[in-house]
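Trainee: Predicted structure and sequence below. I'll ask about it afterward.
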Amino acid sequence: MTQRKEYKMKLIRYEIPQTSRFIDIGSLFGQTFEDFHYSSRLYDQSYRRNYLTPAADLYEDDAYFYARIELPGMNKKGIDVKLENSVLTISGNRKFIKNEREQSLSFSRSLSLPDGIQEDKIKVTYVNGILTIKLPKVDSSKPKLIEVK
Amino acid sequence: MTTGIQKDTSKTIGQSTRQVNYIRPYYEINEREDNYDVKVFFPGVNKDGVNISLEGDTLEITGMQTQKIPDTWKAILREQQLEDFRLQLQLNVKIDDGKIAAKIENGVLELNLPKSEGVKPKSIAVT
């Protein structure tokens, strides 16, 4: 709740921390627990990727941000994409075969996005097991004028 | 000075000289009575990018990335390795290589490897 308030009251768009404008929430917490929980029994140890914490790439060009997430073997309808308080969350359920029995495990991945996204014009595509989210930037070349009353 | 280990170059002759780094994909194998079901996770690979070959008892599956990142995209966060995939499986059971079936959907390759007649379990009727 407090976070939401702060978000709404934020007036200044910080441009200073240029190191990484996207904060990977998964790397801040949770990942170590997941690694422990979903131990090697489910995964080939030699395999580096863990599709329960899907790997994500983020790119930008002049007009858009692009999030690329690997989600092989999913159904388009089974993927949930949510943007709330500048946090993009991708979640769903994944089926695994363990000891010859099918298991369903939920996955989730969150990414913190910078300000200046036109939230109503986001486009999501799912091709060849890759989820691509196209996030249009707000046209920052036109600064908003605030009328003095 | 030459090294003691000779690299087998016979297979690479004639192929492109670019250095190829492969990623080993995640995969699942399930044995059924008559066949093996193999699932290989190939995110970003479509039908044209898959190559399956069986040589002796080695099954080699490669998956080439078909969706390249446009040059105009500037990376902010990179976690994925956008490299091609290769999986080599050593088969210890005879496979009927004429009947291998494969399909790829949403970045998952499904292979059906039928066992050869000789290795299928047979029930023998008692007379």
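Mentor: Cool, got the structure. Here the structure is a predicted model, which is why all the values come from computation and not from measurement. Numbering: from 1, shown residues only, chains lettered A, B, ... in the order given.
Trainee: contacting residues around the residue in chain B that chain A sits nearest to?
Mentor: Shortest chain B-to-chain A distance, computed as Cβ to the nearest Cβ: residue-wise this is residue B:107, at 1.9 Å. Yep, even glycine has a C-beta here, placed from its N, CA and C like the rest. Counting by Cβ atoms under 8 Å, 6 or more residues apart in numbering or on different chains, residue B:107 makes contact with A:70-73, A:128-130, B:41-45.
Trainee: Out of those, which is nearest to residue B:111?
Mentor: Proximity of these to residue B:111, judged by Cβ to Cβ, is greatest for residue B:42, which lies at 11.3 Å.
Trainee: so what's residue B:35 up against?
Mentor: Each residue near residue B:35 by Cβ under 8 Å, 6+ apart is listed here: B:112-115.
Trainee: Report the buried members of those residues.
Mentor: Judged by neighbour count, with 16 or more other Cβ atoms under 10 Å in any protein chain shown as the criterion, the buried members of the contacts of residue B:35 are B:113-115.
Trainee: still on that earlier bit, can you put the contacts of residue B:35 in JSON lines and add distance to chain A, pLDDT and secondary structure?
Mentor: Formatted as JSON lines, the entries for the contacts of residue B:35 read as follows, by distance: Cβ to the nearest Cβ, whole Å; pLDDT from 0 to 100; DSSP: H, G, I helix; E, B strand; the rest coil:
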{"residue": "B:112", "distance to chain A": "15", "pLDDT": "93", "secondary structure": "strand"}
{"residue": "B:113", "distance to chain A": "16", "pLDDT": "91", "secondary structure": "strand"}
{"residue": "B:114", "distance to chain A": "19", "pLDDT": "91", "secondary structure": "strand"}
{"residue": "B:115", "distance to chain A": "17", "pLDDT": "87", "secondary structure": "strand"}
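Trainee: Point out where chain B drops to low pLDDT.
Mentor: Where chain B drops to pLDDT under 70, the residues are B:1-19, B:121.
Trainee: tell me which parts of chain B are close to chain A?
Mentor: If contacts are counted using Cβ under 8 Å from any Cβ of the partner chain, the residues of chain B sitting beside chain A are B:23-28, B:30, B:39, B:41-46, B:66-67, B:69-70, B:72-80, B:82, B:105-108.
Trainee: Now, of these, which are buried?
Mentor: Buried members of the residues of chain B next to chain A, counted by 16+ other Cβ under 10 Å: B:23, B:25-27, B:39, B:41-46, B:66-67, B:73, B:76-77, B:79-80, B:106-108.
Trainee: Bridge partners for the residue nearest the centre of chain B, pull those for me.
Mentor: Most central residue of chain B, judged by C-alpha distance to the mean C-alpha position with Cα atoms, centre = their mean, is residue B:61 at 1.9 Å. Assessed by DSSP bridges, residue B:61 has beta-bridge partners residue B:52, residue B:87.
Trainee: Please name the residues that touch it.
Mentor: Applying Cβ under 8 Å, 6+ apart to residue B:61 gives the contacts B:40, B:50-52, B:85-89, B:109, B:111.
Trainee: For ChimeraX, write the select line for the buried members of these.
Mentor: To isolate the buried subset of the contacts of residue B:61 in ChimeraX, counting by 16+ other Cβ under 10 Å, use the following:
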select /B:40,50,85,86,87,89,109,111
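Trainee: neighbouring strands for the helix or strand hosting residue A:103, and are they parallel or not?
Mentor: With secondary structure defined by DSSP states H and E, residue A:103 is part of strand A:101-112. The strands that strand A:101-112 pairs with in its sheet are strand A:23-24 (antiparallel), strand A:87-98 (antiparallel) (by DSSP bridges).
Trainee: mean pLDDT lowest for which of those strands?
Mentor: The stretch with the lowest mean pLDDT among the strands paired with strand A:101-112 is strand A:23-24, which comes in at a mean of 50.
Trainee: quick revisit: leaving out sequence neighbours, find the closest residue to the residue of chain B closest to chain A.
Mentor: The shortest distance from residue B:107 to any residue that is not its chain neighbour, by Cβ to Cβ, 6 or more residues apart in numbering or on different chains, is 1.9 Å, and that residue is residue A:129.
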